[in-house]
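Participant: build me a model from this:
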Amino acid sequence: MAERSVVVTGSSSGIGAAVAARLVADGWAVVGLDLAENPKLADTVTGDVSRRETSEQAADRAQRLAPLRGWVNCAGILSSQSAADLTEEELRRVVDVNLIGTAWGCSVAVARMIADPDQRGGSIVNISSVQAIRSTPRTFVYAATKGASTAMARQVAIEYAAQGIRANAVLPGAILTPLNEQKFAAAADPDAARRREAWLAPIGRLGRSEEVAACVAWLLGPDASFVTGHELGVDGGAAAWLTSSADNPDL
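Facilitator: Residues are numbered from 1 along each chain as shown. Next up, the predicted model:
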């Protein structure tokens, strides 16, 4: 029987599925939370992360398995609208999942962790984005919500450090997820689209979901016991690179 449990939102695909798989391998009792079930997980709550009761259900399920010691807010959706052409529907759609969903995850996780009579602390990881600190065109609302995700992690970190709760944000760059695969396939030149995305990182390739999951696993574990309020980039050096479109051979 596992000694600790963790909730992973957005667990049915991409980075969330990789995080869930890694944490299962590391001995966590993992409860997934998503609109769709992950068939590789024994415990999944299906529902909308923008509703608090969905996170409460996931926390209930996790605490029945083992003390709740971790929470990963990974659920998120992309948006490709600029400020001038933003629609109310798109604004609310992205804010509901990326911002409100993360806020409820943090809120429920902290409330459960500090209410535990055997409290020994816990760790929260918000999956943000390199676009929280570096901008690209047509990501007006997406970037704003990812900036909020990093800010929420910092806020939790300083407010609840005395209760043994740590909170950090992971900022992935261009990662080869199913969503990106679909985007490349839909492009006029899929190979060129893939090269353009990989070019964003000085390392020269797209990242893998498992590489993000490894960083999340470290932040949740005891080896990161003195790490809180931090923004950890998993972007192949993208945020450190000062470059221009003239450097891209595909443009």
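Participant: so Trp71 touches Ile124, yeah?
Facilitator: Yes. The pair Trp71 / Ile124 is scored as a contact, 4.8 Å apart, by CB atoms under 8 Å. Using the backbone N, CA and C atoms, a C-beta is placed for each residue, glycine as well.
Participant: who touches both of those two?
Facilitator: Common neighbours of Trp71 and Ile124 are listed as Gly105, Cys106, Ala109 (criterion: CB atoms under 8 Å, 6 or more residues apart in numbering).
Participant: surely the last one touches Gly122?
Facilitator: By that I understand Ala109. Yes. Here Ala109 lies in contact with Gly122, judged by CB under 8 Å, at a distance of 6.9 Å.
Participant: spit out the residues that contact the two alike.
Facilitator: With CB under 8 Å, 6+ apart as the test, Ala109 and Gly122 both reach Leu68, Trp71.
Participant: strands along the stretch 151-251 of the chain, start to end?
Facilitator: Assigned by DSSP state E, counting those that start in this stretch, the strands in the stretch 151-251 of the chain fall at 165-172, 231-234.
Participant: thinking again about what came up before, ok, the shared contacts of Trp71 and Ile124 vs Leu78, which is closest?
Facilitator: Minimum distance to Leu78 across those is 18.8 Å, recorded for Gly105 (CB to CB).
Participant: now that closest one, what are its backbone angles?
Facilitator: phi -60, psi -50 (degrees, to the nearest 10).
Participant: now it, nearest residue through space, not along the chain?
Facilitator: Asn73 (4.2 Å; CB to CB, 6 or more residues apart in numbering).
Participant: what does Thr136 give?
Facilitator: Spatial nearest neighbour of Thr136, chain neighbours left out: Ala143 (7.8 Å); criterion: CB to CB, 6+ apart.
Participant: can you give me the neighbour number for the one you found?
Facilitator: 19 (other CB atoms under 10 Å).
Participant: buried ones in the host helix or strand of it?
Facilitator: Under the criterion of DSSP states H and E, Ala143 resides in helix 140-159. Neighbour-count burial for helix 140-159, counted by 16 or more other CB atoms under 10 Å, picks out 140-150, 152-154, 156-157.
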